[in-house]
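Enquirer: I would like to see how this sequence folds:
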Amino acid sequence: MVSVACPGSLWAQTNSLVPVLHIEADQSTGKVSPILYGLMTEEINYSYEGGLYGELIRNRSFKANTNEPTFWNTIGGATISVDTNTPLNEALKVSLKMETGGASKAAPAGIINGGYWGIPVQPKTTYQVSLYAKAAKEGAGPLTVSLESADGQTKFASAKINGLTTEWKKFSTTLKTKGVKPSATNVFKITTTAPGTVWFQQVSLFAPTYKARVNGNRRDIMELLAQMNPKFLRLPGGNYLEGNSIAERFEWKDTVGPLENRPGHKSPWGYWSTDGLGLMEYLEWCEDLNMQPVLAVYAGFSLPPKRELVQPGADLAPYVQDALDEIEYVTGDASTHWGAQRIKDGHPAPFPLTYIEVGNEDEFDRTGSYDGRFAQFYDAIKAKYPQLQIIATAKVKGRTPDLLDEHYYRSEEEMQAHALDYDKYPRDTKTKIFCGEWATRVGSPTPNMAGALGDGAWMTGMERNSDIVLISSYAPLFVNVSDTSIPGNKGGSMQWRTDLIGYDALNSYGSPSYYAQKMFSTLHGDTILVTRTENVPAQMWQPPARRRNGVAQPAPPPQLINNLFFDATRDSESGKIYVKVVNTAGTPQPVQIEIGGAAKVKAKGEAAVLKADSPTDTNSLQQPEKIIPATETVNDLGNEFTRTFPPYSITVLELSVPIAKK
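Expert: Residues are numbered from 1 along each chain as shown. Below you'll find the model as predicted:
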């Protein structure tokens, strides 16, 4: 029986039969890919600058706006300007000129930086300060650097910098806080009591970083990532690889070596990237989380607004060589030019590398040049590095890629409707799948429970078919939630809604989708088990009408979409069976589970359950753990049992099955 509702709504379909999930414990459809779950990242939503990357000073190199010192203010009558006549070097061709004609002991003058919507202050913490400075005359200064509350009422820590000369010089010191309360409404100050002129460049402030890496990453965010147990990092990821033009692409050679020699570049999302998080830092990020890099190389195509394109052939050859150089930097030994450069940069051992992705979203190249561009990269890389797996970002005919990168951004209902797609793929396909960007786009700035349910449905399909889908990564990974009042506004912190992990200057949290990812990534076996289902409840769904070339198209016909989603895997060493059940409906759902081809399933097991009272429930900075998985002991299990799964829930059942003695 189907009840009728208004167009665009969901139509409920009743089914009085109990759903049945059959699991054949001794029959496998393939192996679970050991690197199925990983991370995709790019500079969007202040993911690096103002996010993962540990730098706390905003516009430290004064290149965000060469006309004015954006994000810097003055105190005590000081005046500041961007000076193009006093560069630090060829990479950093500007400096901040500070004039303090009226400074005195009674009235210090100087500059202030508020960081990325505040500078975090933690108790009993040591902050690393460094800067380049020069003065108009010998004996200038001294300077005082300090961490203070934005209202000027509290000074948390300060230190003196002496020894300014008329030549550029690097200065370093530390700021140590006492037992203060954590806060984010703070600023960094550089002041002087002496009149004069001082120039600055590379003004830097770091809190303690993950694993104490110099120029490293923020600890709390890295700890969230570590809990996901990711197996790879797609870098540098997405539109950030191409930029809005060839000149604004990720030019990896400009991101390695000393920080003061990195010119930085404009992010395609409207703000400046210092490239402090460069290629080496990406690779160290992989090393810190025991991931392998999935290295994307620029393939001669930049996205809108300019859509610049390099045609295959002689024009493309320098970019192909650049990719070969990049691979050499990652994997080469001391006998190679770029391997020697990596060693000079502080990492003697080569990094492991298996996957190379050629470009990003090249289906947007309407000229059809990607087939030739991909072939040129493919041939050159395979000739020198035959062991590497090459990923295409659009379908090609001239070569057979090892993997194809497919991207999916959909509603919860669309994810449910497509969750069985990979079941239909031919099992003997030579080109496997990299689901390099995907997300259920429900909830902002981070997904709500409806987003997590769509994700869960989609992940059952990927995991059940991970002999085809070898690697996958949610996108985007990060969002700074400090100022999201105007999504898409270049002055705000968010350019893309529905992002996995949110944070401000002081705190971070995982969304419900983050916890769904964590459950899938950490709770699975290595063998895909044969499953069959009966009586799966479904609902009638009206897909939305689309627009084509600005013209509304007729609505497609309604279709049935499942409300329950399953997959089952087994750990070949322990014998444990992991059963994943996603209930997207608003009612409890009993499911009869039958396990054949196994010795007696133990009566006691475990269940990890992520659930919510409403699909709109979510996590936030104020309620970071409103929706998190709970682990419980489960009794009365066996080779056949019935369990009722809560509404709006994702459950992973862990069943113990004795391994037969050989």
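Enquirer: now do the helices in the chain.
Expert: 219-227, 238-242, 279-288, 317-331, 337-344, 370-384, 412-418, 449-464, 512-522 (DSSP state H).
Enquirer: distance to D83 added to those, as TSV?
Expert: In this view, the C-beta of every residue, glycine as well, is placed from N, C-alpha and C. Below are the helices of the chain laid out as TSV (distance: least, Cβ to Cβ, whole Å):
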stretch	distance to D83
helix 219-227	35
helix 238-242	30
helix 279-288	29
helix 317-331	33
helix 337-344	31
helix 370-384	42
helix 412-418	52
helix 449-464	47
helix 512-522	44
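Enquirer: redo those as a markdown table? Include mean neighbour count and distance to T354.
Expert: Shown next, in a markdown table, are the helices of the chain (neighbours: other Cβ atoms under 10 Å; distance: least, Cβ to Cβ, whole Å):
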| stretch | mean neighbour count | distance to T354 |
| --- | --- | --- |
| helix 219-227 | 17 | 20 |
| helix 238-242 | 24 | 18 |
| helix 279-288 | 22 | 12 |
| helix 317-331 | 18 | 10 |
| helix 337-344 | 16 | 18 |
| helix 370-384 | 19 | 12 |
| helix 412-418 | 22 | 28 |
| helix 449-464 | 28 | 19 |
| helix 512-522 | 25 | 19 |
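Enquirer: which stretch among the ones you listed comes nearest R60?
Expert: Closest to R60 of the helices of the chain is helix 279-288 (Cβ to Cβ; 15.3 Å).
Enquirer: give the rounded mean pLDDT of that closest one.
Expert: For helix 279-288, mean pLDDT rounds to 98.
Enquirer: could you list every helix and strand in contact with that helix?
Expert: strand 232-235, strand 292-297, helix 317-331 (3 or more Cβ pairs under 8 Å, 6 or more residues apart in numbering; DSSP states H and E).
Enquirer: now the ones you listed as TSV including mean pLDDT and distance to Y425?
Expert: Listed next are the helices and strands packed on helix 279-288 as TSV, based on pLDDT from 0 to 100; distance: least, Cβ to Cβ, whole Å:
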stretch	mean pLDDT	distance to Y425
strand 232-235	98	21
strand 292-297	98	21
helix 317-331	98	29
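Enquirer: just send those back as JSON lines, with distance to I35 too.
Expert: Converted to JSON lines, the helices and strands packed on helix 279-288 look like this (distance: least, Cβ to Cβ, whole Å):
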{"stretch": "strand 232-235", "distance to I35": "5"}
{"stretch": "strand 292-297", "distance to I35": "7"}
{"stretch": "helix 317-331", "distance to I35": "17"}
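Enquirer: contact partners of stretch 225-238?
Expert: Stretch 225-238 is contacted by residues 34-44, 250, 252, 279, 282, 285-286, 289, 291-296, 355, 357, 360-361, 436-437, 471, 473, 475-476, 501, 514, 517-518, 521-522 when judged by Cβ atoms under 8 Å, 6 or more residues apart in numbering.
Enquirer: what about that stretch, start to end distance?
Expert: The straight-line separation of the ends of stretch 225-238 (Cα to Cα, to the nearest Å) is 19 Å.
Enquirer: re earlier: E594 is nearest to which of the helices and strands packed on helix 279-288?
Expert: Across these, E594 has its closest neighbour in strand 232-235 (35.5 Å, Cβ to Cβ).
Enquirer: what strands line up against the closest one, and which way round?
Expert: Sheet pairing here is set by DSSP bridges, and for strand 232-235 it gives strand 37-40 (parallel), strand 292-297 (parallel).
Enquirer: pull the residues that contact the shortest one.
Expert: Residues external to strand 37-40 that are found in contact with it (Cβ under 8 Å, 6+ apart): 225, 228-234, 237-238, 291, 294, 436-437, 471-477, 517, 520-521.
Enquirer: quick one: low-confidence ranges for the stretch 401-550 of the chain?
Expert: 485-491 (pLDDT under 70).
Enquirer: flag every buried residue along stretch 200-218.
Expert: By neighbour count on 16 or more other Cβ atoms under 10 Å, the buried set for stretch 200-218 is 200-210, 213, 215-218.
Enquirer: now the terminal residues of that stretch, how far apart.
Expert: Start-to-end, stretch 200-218 (Cα to Cα) is 25 Å.
Enquirer: same thing with stretch 71-81?
Expert: Rule used - Cα to Cα; the end-to-end distance of stretch 71-81 is 12 Å.
Enquirer: show me which residues of it are buried.
Expert: Going by 16+ other Cβ under 10 Å, stretch 71-81 has these buried residues: F71, W72, T74, I75, G76, A78, I80.
Enquirer: thank you kindly, that will do.
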